[in-house]
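*Asks:* take this sequence and fold it.
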Amino acid sequence: EVQLVESGGGLVQAGGSLRLSCAPSGSTFAGYVIGWLCQAPGKEREGVSCISANDGSTYYADSVKGRFTISYDNTKNTVYLRMNSLEPEDTAVYYCAADQAMGVIELYDYWGQGTQVTVSS
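*Replies:* Residues are numbered from 1 along each chain as shown. Okay, the predicted model is just below:
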C-alpha cells in the first residue's frame, strides 16, 4: 500500500502561484502514475493532472493547461504541481493520488488526505 503525503496548499490572491508537493511515505513512486485532483465545495472530485514516474508522460485537464505544471523529481521521490495564474475558481481541496496505470485519475487506488488551496479575488 502506498501512503501519500501532500503539502503546499494555502491562501493566495488571484494571479498568484502555489506549488503542491506529494511524496509517498515509506515507499517509492517508481512504477506508478501520480495524479492531482481537486474538489471544490459542492462539486465532484475532478482530475487535474498526472505524470508517469516511468517515462514522464503527462496529462492536463483543459481548465489548467498553460497554467499548471506537473513534475517528478526522482532524487527527492516527490511529485510537484506548480500552479500559476491562479483564479478564484481554482479554490478546492487538492488531492494527490497514485496508481500503476495512467487511467482515470478519479479511480486511482491510493489517495492522500488533501491540501486546501484558497484563491481570493
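*Asks:* how about the secondary structure of E89?
*Replies:* Classification of E89 using DSSP: H, G, I helix; E, B strand; the rest coil returns helix.
*Asks:* list the contacts for it?
*Replies:* Counting by CB atoms under 8 Å, 6 or more residues apart in numbering, E89 makes contact with 40, 119. (C-beta placed from N, C-alpha, C; glycine too.)
*Asks:* so for it, what pLDDT did the model give?
*Replies:* Looking at E89, its pLDDT stands at 95.
*Asks:* number the residues from 48 up from this point.
*Replies:* Got it, first residue is 48 now, which makes that one E136.
*Asks:* now do it against E48, distance only.
*Replies:* 34 Å (CB to CB, to the nearest Å).
*Asks:* quickly list what the residue nearest the centre of the chain is bridged to.
*Replies:* A centroid search over the chain (CA atoms, centre = their mean) returns W83, at 2.6 Å, as the residue closest to the centre. Applying DSSP bridges to W83 gives these bridge partners: S96, C143.
*Asks:* local confidence estimate at it?
*Replies:* With respect to pLDDT, W83 scores 97.
*Asks:* next one: Q147
*Replies:* 93.
*Asks:* show me the contacts for it.
*Replies:* Counting by CB under 8 Å, 6+ apart, Q147 makes contact with 78-80, 156.
*Asks:* please enumerate the helices of this structure.
*Replies:* Assigned helices in the chain: none (criterion: DSSP state H).
*Asks:* all the strands of it, in order from the start?
*Replies:* 50-54, 57-60, 65-72, 80-86, 93-99, 105-107, 115-120, 125-130, 139-146, 157-158, 162-167 (DSSP state E).
*Asks:* what is the burial count for V59?
*Replies:* For V59, the neighbour count with other CB atoms under 10 Å is 17.
*Asks:* now swap in V151 and tell me
*Replies:* 11.
*Asks:* can you check the one 10 residues further on too?
*Replies:* G161 has 18 neighbouring residues, counting by other CB under 10 Å.
*Asks:* report the contact partners of it.
*Replies:* 53, 86, 140-142.
*Asks:* before I go, just wanted to say thanks for your time.
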